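1. Predicted coordinates and the sequence they were generated for:
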Amino acid sequence: MKKFLTAILFAPVLAFAAGAELHLDKAPDKSNDQAALQNGAKVFVNYCLNCHSASYMRYNRLKDIGLTDAQVKDNLLFTADKVGEPMKIAMQRADAKTWFGAAPPDLTVIARARASEFGSGADWLYTYLRSFYRDEERPSGWNNVVFANVGMPHVLWELQGDQVMGADHKLKLVKPGTLKPEEFDAMVGDLVGYLKYMGEPVAEFRKQLGVIVLIFLAVFFVFAYALKREYWKDIH
């Protein structure tokens, strides 16, 4: 069960106090960084897609972030036979509920779903994925600052290392992982960027089209106003 979701940062700015308001860390904007989105897709496929499906996302949409069909097939196509298939998983929901207590949710629109709850789905995911800590009272051995008593284990602990909740209610790194803190932070940012992209692959095109439409309307207004003045100039 090595593939799942991601982790936590060295000496994060999060404080965990009962009843305190949760402050979300700002997620880096990766929307125009194809290399980061490609890396996020790789992390997602290798660590998330074993338990979490993305059944409303097809592999061939990865061409929108600069990958070819051959690259997708050779490097990312582990749970399907064709690049036109959706990102589904083999694990049955009934089995997942037995193993984890609840079936892992589909992640296609997780960023948009969390945005409806917390204002910024990317910020929530970025904070959540960096907020796991050791808790021997939990069945998985892990807990989370953002999502208390979460059923999901911290599957990237080998990369980040072990964090514990200190007496001051702050997370502390007690065993370093294979990645440096800034490297792990960047990887989580790439993954969150991909999750955000996956929720609306045409988001950037929509924004660009919106700008073009506004420019067109501004130019059209000039001609429309000139036509109006010409038409009414002899009418008092």
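-> That came in fine, so what should we check first? Numbers count the residues shown, from 1 in each chain.

2. Just checking, which helix or strand succeeds the lowest-mean-pLDDT helix or strand in the chain along the chain?
-> For the chain, counting by mean pLDDT, DSSP states H and E, helix 93-100 ranks last in confidence among helices and strands (a mean of 75). Proceeding C-terminally, helix 93-100 gives way to helix 110-118 as the next helix or strand, assigned by DSSP states H and E.

3. ok, Lys175 touching Gln160?
-> No - checked against Cβ atoms under 8 Å, the pair Lys175 and Gln160 is beyond contact range at 9.5 Å. Glycine gets a C-beta too; all of them are placed from N, C-alpha and C.

4. which of the two has more neighbours?
-> Gln160 (28 against 11; other Cβ atoms under 10 Å).

5. I'd like to know how far the more buried one sits from Lys196.
-> Between Gln160 and Lys196 the distance, using Cβ to Cβ, to the nearest Å, works out to 21 Å.

6. swap in Ala41?
-> As defined by Cβ to Cβ, Ala41 lies at a distance of 12 Å from Lys196.

7. Same question for Leu156.
-> 19 Å.

8. tell me the angle of the host helix or strand of Val213 relative to helix 110-118?
-> Remark: Val213 resides in helix 203-232, with elements defined by DSSP H and E. Orientation note: helix 203-232 sits at an angle of 70 degrees relative to helix 110-118 (axes from the mean of the first three to the mean of the last three Cα atoms, to 10 degrees).

9. centre of the chain versus helix 203-232, how much separation?
-> Taking the mean of its C-alpha atoms, helix 203-232 sits 35 Å from the chain's own mean (Cα atoms, centre = their mean, to the nearest Å).

10. May I see the domains of this protein written out as residue ranges?
-> By the record's domain assignment, the chain is partitioned as 34-201, 204-236 (automatic domain parsing).

11. Make sure Pro104 is actually in contact with Ala96.
-> Yes - assessed by Cβ under 8 Å, Pro104 is found in contact with Ala96 at 5.8 Å.

12. and those two? which has more neighbours close in?
-> Pro104 (21 against 17).

13. Now do the phi/psi pair for the more buried one.
-> As for Pro104, its main-chain torsions (degrees, to the nearest 10) stand at phi -60, psi 130.

14. show me the contacts for it.
-> Neighbouring residues of Pro104 by Cβ atoms under 8 Å, 6 or more residues apart in numbering: 51-52, 96, 152.

15. got it, and Met187?
-> Applying Cβ under 8 Å, 6+ apart, the residues near Met187 are 6, 39, 43, 159, 179.

16. counting contacts, what elements does the host helix or strand of the second one pack onto?
-> When elements are defined using DSSP H and E, Asn39 is found to belong to helix 34-47. Helix 34-47 sits against helix 181-199, with contacts defined as 3 or more Cβ pairs under 8 Å, 6 or more residues apart in numbering; DSSP states H and E.

17. and the helix it packs on, which residues are buried?
-> Taking 16 or more other Cβ atoms under 10 Å as the basis for neighbour counts, the residues of helix 181-199 that come out buried are 181, 184-199.
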